[in-house]
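Visitor: give me coordinates for this.
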Amino acid sequence: MKDLIISTAVGTEEERLAALRSEADIYIINRENVQWLVEKSGLTFDYDTVVIDELSSFKNGQAKRFRSLMAVRPKIKRIIGLTGTPASNGLMDLWAEFRLLDMGQRLGRYITHYRNEYFTPDKRNGMVVFSYKPLPGAEERIYGKISDMTISMKATDLLRMPKLISSEYTVHLSEKERERYDALKDDLVLALPDGDVTAANAASLTNKLSQMANGAVYADDCSVTHIHDRKLDALEDLIEAANGKPVLVAYWFRHDLERIKERLHSLHIPFSEMDKADSIKRWNNGEIPVGLIHPASAGHGLNLQSGGSAIIWFGLTWSLELYQQTNARLWRQGQESKTVVLQHIVTEDTIDQRILRALSQKDVTQLSLINAVKADLEAVK
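Guide: Numbering: from 1, shown residues only. Next comes the predicted model:
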């Protein structure tokens, strides 16, 4: 595309407007500014072709960016969606994505019709439905509906990709640490109201259990209660075993980040958060031994393969999409190492093991959270 003029609309509102008003063949804007472009920029939406990178970021039919783009969808003659995780949390994700692409021709114009056609209520409390499961044969029927406008190209089939190696580093709590973890877990589980475990309290409880597995947990007043340092010790071992090779460390909770930074400071190991253009450039230049990355803020769009080939998951996420996208920062075309290593620090006999199992089985639906909580509830009883 060397002969095409490309204008990138980023920065302040004035800078974005200047970029959009300039003469160009292609205009680039981030998804966070889609609503601004459609509703607040004051510009006429007259783009005949739209390419959506990371289409899965439009999987929520209630989101403002989705509604804004749908408002101008009739003006768009051709639309293309790109994503590596079209249904990361289940087939329900597909409706909004294809509603944008074909305006509802294949999967229906309304999410309720899509649900009624292909799903049945699963977990419910009276008239309140918490989750849905596909009807028998629904997956094949859905794929059949969208097959004429969908093409799947796997990197492993078409590109020379490095070998992906996944391993677990299991840590064990001491007797006192286990007693404290179990006591906190039991208090949380027993605090649940009688009746079915709902998605709301399941999400809250699994969140707390994940924190405890990592070594600390937020109290109601936002203070941090320390439980153990087992994962920090494991992280130290893994960084030492890397023999000076750069590693990315994926964390999930803010207190995890602070504790990791404190430990690295004490070891005099240079590190940087992967949240700015300068730190990303330095990482790819091999200047940063340890890069700290949060999947939600750095999981999409970053090219980090030049700086290293190992990711250490200090804390896990239930989101298959964020998990896969974060791994793809290193496991991608252009990675010069023959192998990319994913190392997961897992606390034995905690929710860590359930999350990792769900990720490996690509079963990260809401039902997984609810079942995980129910298992703990039964154990306590």
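Visitor: doesn't Leu164 fall inside a strand?
Guide: Yes. Secondary structure assignment (DSSP: H, G, I helix; E, B strand; the rest coil) places Leu164 inside a strand.
Visitor: can you give me the helices for the stretch 1-150 of the chain?
Guide: Taking DSSP state H, counting those that start in this stretch as the test, the helices found in the stretch 1-150 of the chain are 13-21, 34-35, 64-72, 94-102, 111-118, 138-146.
Visitor: swap in the stretch 201-350 of the chain?
Guide: 230-241, 254-267, 277-284, 295-298, 320-327.
Visitor: and among the helices of the stretch 1-150 of the chain, the most buried is which?
Guide: helix 94-102 (a mean of 22; mean count of other CB atoms under 10 Å). (C-beta placed from N, C-alpha, C; glycine too.)
Visitor: quick one: it to helix 64-72, angle?
Guide: Using axes from the mean of the first three to the mean of the last three CA atoms, to 10 degrees, one finds that helix 94-102 and helix 64-72 are set 30 degrees apart in direction.
Visitor: show me what helix 94-102 is packed against.
Guide: Helices and strands in packing contact with helix 94-102 are listed as helix 64-72, strand 78-82, helix 111-118, helix 138-146; criterion 3 or more CB pairs under 8 Å, 6 or more residues apart in numbering; DSSP states H and E.
Visitor: let me have the helices of the stretch 1-150 of the chain in CSV, extended by distance to Ser204.
Guide: Listed next are the helices of the stretch 1-150 of the chain as CSV, based on distance: least, CB to CB, whole Å:
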stretch, distance to Ser204
helix 13-21, 37
helix 34-35, 29
helix 64-72, 25
helix 94-102, 25
helix 111-118, 25
helix 138-146, 30
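Visitor: select, out of those, the one closest to Ile28.
Guide: Proximity of these to Ile28 was assessed by CB to CB; the nearest stretch is helix 13-21, lying at 8.5 Å.
Visitor: now what about the closest one, what contacts it?
Guide: 7-10, 27, 29, 33, 36-37, 41, 43 (CB atoms under 8 Å, 6 or more residues apart in numbering).
Visitor: for Asp278, state which of the residues you listed is nearest.
Guide: Checking these against Asp278 by CB to CB gives Val10 as the nearest, at 16.1 Å.
Visitor: below-threshold pLDDT in the chain: ranges please.
Guide: In the predicted model of the chain, residues 88-89, 155-156, 188-202, 298-301, 362-381 satisfy pLDDT under 70.
Visitor: find the nearest non-adjacent residue to the residue nearest in space to the middle of it, please.
Guide: Nearest to the geometric centre of the chain sits Leu322, at 1.7 Å (CA atoms, centre = their mean). Nearest in space to Leu322, with sequence neighbours left out and distances taken as CB to CB, 6 or more residues apart in numbering, is Pro295 at 3.9 Å.
Visitor: same deal with Ser22?
Guide: Leaving aside its sequence neighbours, Ser22 sits nearest to Ser7 (CB to CB, 6+ apart; 5.1 Å).
Visitor: filter the contacts of helix 13-21 down to the ones in strands?
Guide: Filtering the contacts of helix 13-21 for membership in strands, criterion DSSP state E, returns 7-9, 27, 29.
Visitor: between those residues, which has the most around it?
Guide: For these, neighbours were counted by other CB atoms under 10 Å; the highest total belongs to Ala9, with 22 neighbours.
Visitor: in contact with that one, which residues?
Guide: Ala9 sits next to 15-17, 19-20, 27-29, 33, 37 when contact means CB under 8 Å, 6+ apart.
Visitor: what's the burial count for the nearest residue in space to Trp283 that is not next to it in sequence?
Guide: Leaving out its chain neighbours, the residue that sits closest to Trp283 by CB to CB, 6+ apart is Gly307, at 3.9 Å. Neighbours of Gly307 under the rule other CB under 10 Å: 22.
Visitor: Gly307 touches Pro289, doesn't it?
Guide: No. If you go by CB atoms under 8 Å, Gly307 and Pro289 don't touch, sitting 10.1 Å apart.
Visitor: shared neighbours of the two, anything?
Guide: Taking CB under 8 Å, 6+ apart as the contact definition, Gly307 and Pro289 share the neighbouring residues Pro246.
Visitor: next, format the contacts of helix 13-21 as JSON lines and append distance to His344.
Guide: Listed next are those as JSON lines, based on distance: CB to CB, whole Å:
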{"residue": "Ser7", "distance to His344": "42"}
{"residue": "Thr8", "distance to His344": "37"}
{"residue": "Ala9", "distance to His344": "39"}
{"residue": "Val10", "distance to His344": "35"}
{"residue": "Tyr27", "distance to His344": "40"}
{"residue": "Ile29", "distance to His344": "36"}
{"residue": "Asn33", "distance to His344": "35"}
{"residue": "Trp36", "distance to His344": "39"}
{"residue": "Leu37", "distance to His344": "39"}
{"residue": "Ser41", "distance to His344": "44"}
{"residue": "Leu43", "distance to His344": "46"}
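Visitor: tell me the one of those residues nearest Met274?
Guide: Of all the contacts of helix 13-21, Met274 sits closest to Val10, with 18.7 Å by CB to CB.
Visitor: of the helices of the stretch 1-150 of the chain, which is nearest Val217?
Guide: Closest approach to Val217 among the helices of the stretch 1-150 of the chain is made by helix 64-72 (32.7 Å; CB to CB).
Visitor: pull the CA atoms of the closest one into CSV?
Guide: Included here for helix 64-72 are C-alpha records, laid out as CSV according to Å, rounded to 0.1, in the frame of the first residue of the first chain:
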residue,chain,number,x,y,z
LYS,A,64,-21.8,2.6,23.0
ARG,A,65,-19.2,1.8,20.2
PHE,A,66,-21.4,-0.9,18.8
ARG,A,67,-24.5,1.3,18.8
SER,A,68,-22.7,4.2,17.2
LEU,A,69,-21.3,2.1,14.4
MET,A,70,-24.7,0.4,13.9
ALA,A,71,-26.2,3.9,13.4
VAL,A,72,-24.1,4.5,10.4
